[in-house]
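Visitor: my questions concern the predicted model and sequence given below.
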Amino acid sequence: MRSVHGVDAHAHVFHRGLKLAEGRRYDPVADATLTDYLAFLDRIGMAQGVLVQPSFLGVDNSYLLDCLVQSQGRLRGVAVIPEVTPASALSALFAAGVRAVRFNLIGRALPDFRSAGWRAQLQRLAGAGLHAEIQCRGEDAPALLMALLETLPYAVLDHYGLPPGGEPDHAVVRQILKLAQTGRVYVKISAPYRFLPPGAAVRTLLRAYWKAFGAARLLWGSDWPHTQFENRADPRRSLDEICDAVGAESATLAALTATTARALYGFEPPGLA
């Protein structure tokens, strides 16, 4: 694995003693603690990381916030919040190290981000310095993101947008790639195993995203601990595969794994945090 000292922009921490949310899609089968994650970052040569609230913990971000405090600036957070959250609560999340709010819409009714209530909520997010990150079916991503961008300056799409099939010439993939024209959509090139069958090559898809979005709008994430896909993921090879697919030199690799994420999540460079 190539040596880098960047940012892992997508990971989760939890333990099975935490209260699980009602209506969750699955239960965790093992613990993934802060200690485990920091050791993982050290093993793969990453200086910093972004913790994303797991869907099965719902809107109780207390463990996430505790981990941010313990990390002493090494980690930032992406929280999940109730549909109506006051500005004071959002500002408190920002002060604790949270930089985004996640909408995980897999298996859920899609929100109308153009409604008055949602516009007010999104305005509060922006006012608190938070952006939106979205996980949804690939076919839903373009409309949802364009609606978000009517209120927010930018938004992040998880896991390539989970495009069906993963082929660059698929209609859904073409629509996701077209979002690059806004200049305001970031995409996490993470967890291809969540939408591609085992053993499927991702190089062609990577090249298409690289060509459309570029390093300035792409973020690398490990998706550690790869819940429900523990046997398919291999983050030790992930960066090498990306570099081989796009021919990334050191400057573009630095943007992909460090510069872009540090700006988006408000990290200090290593040694200054």
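Guide: On my side now, so go ahead.
Visitor: what about the residue lying closest to Val173 once chain neighbours are set aside, distance to Arg207?
Guide: Once flanking residues are discounted, Val173 sits nearest to Pro163: 4.6 Å by Cβ to Cβ, 6 or more residues apart in numbering. Yep, even glycine has a C-beta here, placed from its N, CA and C like the rest. According to Cβ to Cβ, to the nearest Å, Pro163 and Arg207 sit 14 Å apart.
Visitor: so if I had to pick from those two, which one is more boxed in?
Guide: The neighbour count for Pro163 versus Arg207, taken as other Cβ atoms under 10 Å, is higher for Pro163 (26 against 14).
Visitor: test my guess that the more buried one contacts Val172.
Guide: Yes - the pair Pro163 / Val172 is scored as a contact, 5.1 Å apart, by Cβ atoms under 8 Å.
Visitor: what sits against the nearest residue to Leu179 once chain neighbours are set aside?
Guide: Leaving aside its sequence neighbours, Leu179 sits nearest to Val185 (Cβ to Cβ, 6+ apart; 4.4 Å). Val185 makes contact with 145, 149, 154-157, 179, 213, 217 under the criterion Cβ atoms under 8 Å, 6 or more residues apart in numbering.
Visitor: out of those, which two sit at the greatest distance?
Guide: The most widely separated members of the contacts of Val185, counting by Cβ to Cβ, are Leu149 and Phe213 (14.9 Å).
Visitor: of these two, who's got more company?
Guide: Phe213 (21 against 18).
Visitor: surely that one and Thr182 touch.
Guide: No - counting by Cβ under 8 Å, Phe213 does not reach Thr182; the two are 10.4 Å apart.
Visitor: so Ala191 sits against Gln228, correct?
Guide: No - assessed by Cβ under 8 Å, Ala191 is found out of contact with Gln228, at 10.3 Å.
Visitor: the two: who's more crowded?
Guide: Ala191 (25 against 12).
Visitor: now the contacts of Val185 in TSV, with pLDDT, secondary structure and distance to Leu90?
Guide: Output for the contacts of Val185, formatted as TSV (pLDDT from 0 to 100; DSSP: H, G, I helix; E, B strand; the rest coil; distance: Cβ to Cβ, whole Å):
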residue	pLDDT	secondary structure	distance to Leu90
Leu145	98	helix	21
Leu149	98	coil	19
Tyr154	96	coil	17
Ala155	98	strand	16
Val156	98	strand	17
Leu157	98	strand	21
Leu179	98	helix	25
Phe213	95	helix	28
Arg217	95	helix	25
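Visitor: which one of those is nearest Val84?
Guide: Ala155 (19.7 Å).
Visitor: list the contacts of the closest one.
Guide: So Ala155 contacts 131-134, 145, 148-149, 184-186 (Cβ under 8 Å, 6+ apart).
Visitor: so which of those residues belong to strands?
Guide: 131-134, 185-186 (DSSP state E).
Visitor: from the residues you listed, pick the one nearest Leu196.
Guide: Ranked by distance to Leu196 (Cβ to Cβ), the ones in strands among the contacts of Ala155 are led by Ile134 at 19.7 Å.
Visitor: quick check: that closest one vs Leu18, distance?
Guide: Distance, Ile134 to Leu18, using Cβ to Cβ: 24 Å.
Visitor: and for Arg74?
Guide: Distance from Arg74 to Leu18, counting by Cβ to Cβ: 21 Å.
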